[in-house]
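In: What would the 3D arrangement of this be:
(one chain, ligands or ions: 1)
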Amino acid sequence: MSELLQQVADPSDPAAPPGALLGARTAGDYSALLHEVVDRLADRFRTINAPSSGMDRAALEELVAAVPLGERSIGARAALLEADELYAAHAVWFHHPSYLAHLNCPVAVPAVAAEAMLAAINTSVDTYDQSLVGTLMEQRLIGWTADRLGLAGGDGVFTSGGTQSNLQALFIARERALRADPRPRLEAAADLRVLTTGASHFSIARSALLLGLGEQAVVPVAADASGRMDPAALREALDRLAAEGRTPMAVVATAGTTDRGLIDPLPAIAEACAPCGTWLHVDAAYGGGLMLSARRRHLLEGIDRADSVTVDFHKTFFQPVSSSAVIVRRPADLAATAWHADYLNPAAEAASADAEPNQVDKSLQTTRRFDALKLWTTLRALGADRLGEMVDEVCDLAAAVHDLLAQDRDFTVLGRTDLSTVLFRFQPPHVADGTADAHVALIRRILFQSGRAMVARTVVDGRPWLKLTLLNPEATLADVAAVLDLVRATGRGLLAGADLAAEGGRR
Ligand SMILES: *Cc1c(COP(=O)(O)O)cnc(C)c1O
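Out: Now for the predicted structure:
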């Protein structure tokens, strides 16, 4: 017996029944439970025939409210069975070929298995002493990503998503701009400006707000007729800021806009940033996957001139949520993020030659998931080239869907994407703009409520459009055409209903 314990009673009782926490005594229960959960899910994947159950919100609210949460205990098996019948039965299934709405992807099998692994071990990649090899694996993967972007020698960190990656990149840009300004922070901050187009992700404008920049901080740069940033307009905007004595804190280019999948002209934008050394952030949350494509890698030309890049692995790398990274060209720029706590990563130790590699020094998060393991296993299992082919397959599908819509008189299709979205509207020749516009949201809602197919909607240049986001390399043109037929049938139904109503009015 321990010397210390000889004089006191030990409150922990080794004879107590196995608990709920994962450890030596529960390892068998853990294995049995996970096998059962996985087998049930596998059955669902085999048999699911629509992206959702189509159950309406009132019924779902009732199901959720009916669970006596936290009252009596029902045991792990029953709890998971209940979750299967509540959550899995009424979830949205992104792998279904009729799910064509948002930027959600079907996920790579090895990544899903890795997710189970990292959840069980529960590594936190904040300090080295909580993660050991996990930190080294994440760092290796960040290095690999930087290399692929043409930013060899760069650094970065995994984040929860593009939103956080963009925030951190702009935070670093803000710190650099403020440090170069001799005035007090608040005074200097009032003059900071971020230049981007109206098509950039909303997290850019919200980051400016979170970073305490002024209301005028985000300067819109005009797009050209194609919808991409106009480099001449950017140069003019930069000249105007210089004349006004403002500080261009960052230019944000988008490599794959969320709505249209358009890539801003990166080489010309980098050229415009160069003379004044303006920070160039490239938001490649959506388009990042192109870095692995043999046929479309050239679309990211110029990204190697960025100061920072956002990449969402949970979009075009087929990773489970969450998995994203922010990459910076100069590792020293990440120092703006570092903060030292005596209990975690003391400053004195960080300065020493053999300092432990603490990723928390580079992250806005403290406790942080080891999401890197998912991409790691995916790259090992499938190889980067296969992932790149999968990106090409969804881009090819988008092009084929575009052609299909363009030759169909019932539909109008907008522009061409660099990636995999298709914007269109049901508008047969005799139908007025106002009617077609009004039907966009209705068609989306009717399909959504049916559970049979999901499409999105958005607004471009003041007009509403239906939107398909194609991220499923296994969906075929026939799958998408079947959804378009549903859109057509729904649109015709709405037109017939409107005709009936008009007739009723005349009678
Ligand atoms: C999806 C997206 C984001 C946001 O990423 P999250 O992972 O959803 O936080 C940012 N920028 C672009 C261009 C996106 O498409």
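
In: Just the CA coordinates for the helix or strand A78 falls within, please, in PDB.
Out: Assigned by DSSP states H and E, A78 belongs to helix 76-86. Extracted as PDB, the C-alpha positions of helix 76-86 are listed here (Å, rounded to 0.1, in the frame of the first residue of the first chain):
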ATOM      1  CA  ALA A  76     -25.600   3.300 -23.300                       C
ATOM      2  CA  ARG A  77     -27.200   0.800 -25.800                       C
ATOM      3  CA  ALA A  78     -30.700   2.200 -25.400                       C
ATOM      4  CA  ALA A  79     -29.400   5.800 -25.600                       C
ATOM      5  CA  LEU A  80     -27.600   5.100 -28.800                       C
ATOM      6  CA  LEU A  81     -30.600   3.200 -30.300                       C
ATOM      7  CA  GLU A  82     -32.700   6.200 -29.400                       C
ATOM      8  CA  ALA A  83     -30.200   8.500 -31.100                       C
ATOM      9  CA  ASP A  84     -30.300   6.300 -34.200                       C
ATOM     10  CA  GLU A  85     -34.000   6.500 -34.400                       C
ATOM     11  CA  LEU A  86     -34.200  10.300 -33.700                       C
END
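
In: so what does it touch, helix or strand wise?
Out: Helix 76-86 sits against helix 27-47, with contacts defined as 3 or more CB pairs under 8 Å, 6 or more residues apart in numbering; DSSP states H and E. Where C-beta positions appear, they are placed from N, C-alpha and C, glycine not excepted.

In: now what about the helix it packs on, what contacts it?
Out: Here helix 27-47 makes contact (CB atoms under 8 Å, 6 or more residues apart in numbering) with P18, L22, A76, R77, L80, D84, A88, H95, A116, A120.

In: go again using 6 Å as the cut-off
Out: Residues from elsewhere that reach helix 27-47, judged by CB atoms under 6 Å, 6 or more residues apart in numbering: L22, A76, L80, D84, A88.

In: Now a PyMOL select for only the buried ones of those residues.
Out: Of these, the buried ones can be selected in PyMOL as follows, counting by 16 or more other CB atoms under 10 Å:
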select buried, resi 76+80+84+88
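
In: How about residues contacting the helix holding A78?
Out: The contact list for helix 76-86, computed with CB under 6 Å, 6+ apart, reads L33, V37, R40, L63.

In: again, only this time at 7 Å
Out: Residues from elsewhere that reach helix 76-86 (CB atoms under 7 Å, 6 or more residues apart in numbering): D29, L33, V37, R40, L63.

In: ChimeraX command to pick out the buried ones of these?
Out: Of those, the buried ones can be selected in ChimeraX as follows, counting by 16+ other CB under 10 Å:
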select :37
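
In: got JSON lines for the contacts of helix 76-86, with pLDDT and distance to the ligand too?
Out: Shown next, in JSON lines, are these (pLDDT from 0 to 100; distance: CB to the nearest ligand atom, whole Å):
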{"residue": "D29", "pLDDT": "96", "distance to the ligand": "35"}
{"residue": "L33", "pLDDT": "97", "distance to the ligand": "30"}
{"residue": "V37", "pLDDT": "98", "distance to the ligand": "26"}
{"residue": "R40", "pLDDT": "98", "distance to the ligand": "28"}
{"residue": "L63", "pLDDT": "98", "distance to the ligand": "27"}
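
In: Just give me the closest of the contacts of helix 27-47 to the ligand.
Out: Proximity of the contacts of helix 27-47 to the ligand (CB to the nearest ligand atom) peaks at A88, which lies at 22.8 Å.

In: show me the contacts for that closest one.
Out: L41, R44.

In: Swap in 8 Å and give it another go.
Out: R40, L41, R44.

In: Now the stretch 301-450 of the chain against the ligand: closest residue?
Out: At 4.7 Å from the ligand, D312 is the closest residue in the stretch 301-450 of the chain, using CB to the nearest ligand atom.

In: so what are the domain limits for this structure?
Out: For the chain, automatic domain parsing gives the domain ranges 124-382, 385-499.

In: Show me how far the longest helix that the chain contains is from its chain's centre.
Out: Secondary structure of the chain read by DSSP state H shows that its longest helix is helix 477-506. Relative to its parent chain, helix 477-506 has a centroid offset of 33 Å by CA atoms, centre = their mean, to the nearest Å.

In: For it, list every residue counted as buried.
Out: D479, V480, V483, L484, L486, V487, R488, T490, G491, L494, L495.

In: which residues touch the fourth one?
Out: It refers to L484. L484 makes contact with V401, L404, L405, D408, F411, according to CB under 8 Å, 6+ apart.

In: In helices, which of these appear?
Out: Filtering the contacts of L484 for helices - DSSP H - leaves V401, L404, L405.

In: interface residues of the stretch 151-300 of the chain facing the ligand?
Out: G161, G162, T163, N166, H201, S203, T254, G256, T258, D283, A285, Y286 (CB under 6 Å from any ligand atom).

In: Could you dump these into JSON lines with pLDDT added?
Out: Shown next, in JSON lines, are these (pLDDT from 0 to 100):
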{"residue": "G161", "pLDDT": "98"}
{"residue": "G162", "pLDDT": "98"}
{"residue": "T163", "pLDDT": "98"}
{"residue": "N166", "pLDDT": "98"}
{"residue": "H201", "pLDDT": "98"}
{"residue": "S203", "pLDDT": "97"}
{"residue": "T254", "pLDDT": "98"}
{"residue": "G256", "pLDDT": "98"}
{"residue": "T258", "pLDDT": "96"}
{"residue": "D283", "pLDDT": "98"}
{"residue": "A285", "pLDDT": "98"}
{"residue": "Y286", "pLDDT": "98"}
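
In: any low-confidence regions in this structure?
Out: The chain contains residues with pLDDT under 70 at 1, 10-18, 505-507.

In: Secondary structure class of L141, three-state.
Out: For L141, the assignment made with DSSP: H, G, I helix; E, B strand; the rest coil gives helix.

In: nope, P106 is what I was after
Out: Under three-state DSSP, P106 comes out as coil.

In: That one: how many residues sit nearby?
Out: Using other CB atoms under 10 Å, P106 has 18 other residues around it.

In: Then the one 4 residues further on?
Out: The criterion is other CB under 10 Å. On that basis, P110 has 18 neighbouring residues.

In: Pull the contacting residues for T145.
Out: G156, V311, A325, I327.

In: which pair in these spans the largest distance?
Out: Across the contacts of T145, no pair lies farther apart than G156 and V311, at 8.8 Å, counting by CB to CB.

In: Residues of the stretch 1-150 of the chain that sit close to the ligand?
Out: Counting by CB under 6 Å from any ligand atom, the stretch 1-150 of the chain comes close to the ligand at L103.

In: Which residue would be the closest one in the stretch 1-150 of the chain to the ligand?
Out: Here the stretch 1-150 of the chain gets closest to the ligand at one residue, L103, 5.1 Å apart by CB to the nearest ligand atom.

In: How many residues are close by that residue?
Out: 21.

In: For the nearest residue to C273 once chain neighbours are set aside, list each beta-bridge partner.
Out: In space, and not counting its chain neighbours, C273 is closest to L280: 4.6 Å by CB to CB, 6 or more residues apart in numbering. Taking DSSP bridges as the rule, L280 bridges to V251.
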